[in-house]
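Visitor: Fold the following and give me the result.
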Amino acid sequence: MTTTISYHERAMELHRRLLVIDGHADTLERVLEEGHDFLEPAPDFHIDLPRLLEAGVNCQVFSLWTPPDYQGERATTRALAMIGAVLEMQRKRADLRQVMRASDLDASRPGFCFAFEGAEPLAGDVALLEVFHRLGVRMVALTWNGRNPFADGLKVGASPSGLTDLGVELIARMNELGIVLDLAHIAEPGFRDALKVSRGPLVATHANARALHDHPRNLKDEQLKAIAERGGLVGVTFVPSFLARGGADLEDVFAHLDYMVRLIGEDHVALGSDFDGITALPTRLGGVQDLPLLTAMMLERGYPEARVAKILGNNWARVFEEVWK
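Guide: Below is the predicted model of the structure:
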């Protein structure tokens, strides 16, 4: 008698065996704002530790995002408070591991690292970058949506500027320390400048294809190709307004993922959920526990296991290995 294994069962087996890395989540902002951690079940969060374990996520990148009204030293303190919240959770749960180097990635255990979503916590002082690097910041997006001392974000107006002199200096220091440059949220002039002045792979942690849905946060084909040509990647994101008009479904997530795979190749597409940074999610994707449903869809649509492994985590691991060394 032959037993047929379902796509979901195959997906769950892959999540238990392969590296799974999500390049962007805003959970720590919610930890501070809502006053409780994610070690125990937190059904109102998109991520908690039990569901992270269930989904087999081996490295969750947590953003250290600061609201626009947090500027200067207030932004620095806010970012440090997020790091402190995780350190406090680590004292309670030793299996909550910090990933500081590529060799820390382990397909059998969960882990996390930190990223800036906007470099406001530096308070305009590039020297602080090394301090945050020692605390575990391994990826930096220069901007969120507005203007800061380094560059312009996507919502500064009709005529945004590119990198400032301080932005060029910051990227140079990131290259020296081995910190991944994230081009999510940056305005197009800064995007083009960053391609010129940075070295090695760069990424867009959470963005989709503008050719499928014309949203300012999605990337044009030439931007996607430019990232791929540098050996980087784009993290497909689950923000409904980036996926489709009038609501989104898991099918829309796969559509953007598949478009980018076809355009720039399977080596340059990964996961960048934006869990806990948005109030709604696509239908059939209610939190981190549902990541295997996307994997099952990839398998059902004919993706070979080697391609799935790259998208789930190996592409992020490759970029981390090249930059962090």
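Visitor: quick one: contacts for the nearest residue to Thr27 once chain neighbours are set aside?
Guide: Leaving out its chain neighbours, the residue that sits closest to Thr27 by C-beta to C-beta, 6 or more residues apart in numbering is Asp276, at 4.2 Å. (C-beta placed from N, C-alpha, C; glycine too.) Asp276 makes contact with Ala25, Asp26, Thr27, Glu29, Arg30, Phe45, His46, Ile47, according to C-beta atoms under 8 Å, 6 or more residues apart in numbering.
Visitor: for those, which one is nearest Thr205?
Guide: Of all these, Ala25 has the smallest distance to Thr205: 9.9 Å, by C-beta to C-beta.
Visitor: which residues does the closest one contact?
Guide: His46, Ile47, Gln60, Val61, Phe62, Ser63, Ser273, Asp274, Phe275, Asp276, Gly277.
Visitor: Surely the fifth one forms part of a strand?
Guide: Yes. Phe62 forms part of a strand when assessed by DSSP: H, G, I helix; E, B strand; the rest coil.
Visitor: Any figure for the gap between the spatially closest residue to Leu312 that is not a sequence neighbour and His36?
Guide: The spatial neighbour of Leu312 that comes closest, neighbours along the chain excluded (C-beta to C-beta, 6+ apart), is Val20 at 4.9 Å. Distance of Val20 to His36, computed by C-beta to C-beta, to the nearest Å: 25 Å.
Visitor: quick one, which of those two is more surrounded?
Guide: Neighbour count, other C-beta atoms under 10 Å: between Val20 and His36, Val20 has more, with 28 against 12.
Visitor: Need the max-distance pair from the contacts of Ala25.
Guide: Between any two of those (C-beta to C-beta), the greatest distance is 13.9 Å, for His46 and Val61.
Visitor: So for the longest helix seen in the chain, what gets flagged as buried?
Guide: If you go by DSSP state H, the chain has its longest helix at helix 73-92. For helix 73-92, burial by neighbour count (16 or more other C-beta atoms under 10 Å) applies to Ala75, Thr76, Arg78, Ala79, Met82, Ile83, Ala85, Val86, Met89.
Visitor: and whichever helix or strand comes after that helix, how far out from the chain's middle?
Guide: Note on helix 73-92: by DSSP states H and E, the next helix or strand toward the C-terminus is strand 97-98. Relative to the chain's own centre, strand 97-98 is displaced by 17 Å; criterion: C-alpha atoms, centre = their mean, to the nearest Å.
Visitor: next one: stretch 262-273
Guide: 13 Å.
Visitor: tell me which residues of that stretch are tucked away?
Guide: Under the neighbour-count criterion of 16+ other C-beta under 10 Å, stretch 262-273 has Leu263, Ile264, Glu266, Asp267, His268, Val269, Ala270, Leu271, Gly272, Ser273 buried.
Visitor: Give the single residue among those residues positioned nearest to Ser161.
Guide: Distance to Ser161, by C-beta to C-beta, is smallest for Gly272 among the buried residues of stretch 262-273, at 25.8 Å.
Visitor: which residues does that closest one contact?
Guide: Neighbours of Gly272 in contact, by C-beta under 8 Å, 6+ apart: Asp22, Gly23, His24, Ala184, Ala204, Thr205, His206, Ala207, Val234, Gly235, Val236, Thr237.
Visitor: which other helices and strands contact the longest helix of the chain?
Guide: helix 27-34, strand 111-117, helix 128-135 (3 or more C-beta pairs under 8 Å, 6 or more residues apart in numbering; DSSP states H and E).
Visitor: which residues make contact with stretch 294-312 from outside it?
Guide: 6-8, 10-11, 14-15, 18-21, 250-251, 253-254, 257-258, 261, 266-267, 269-271, 285.
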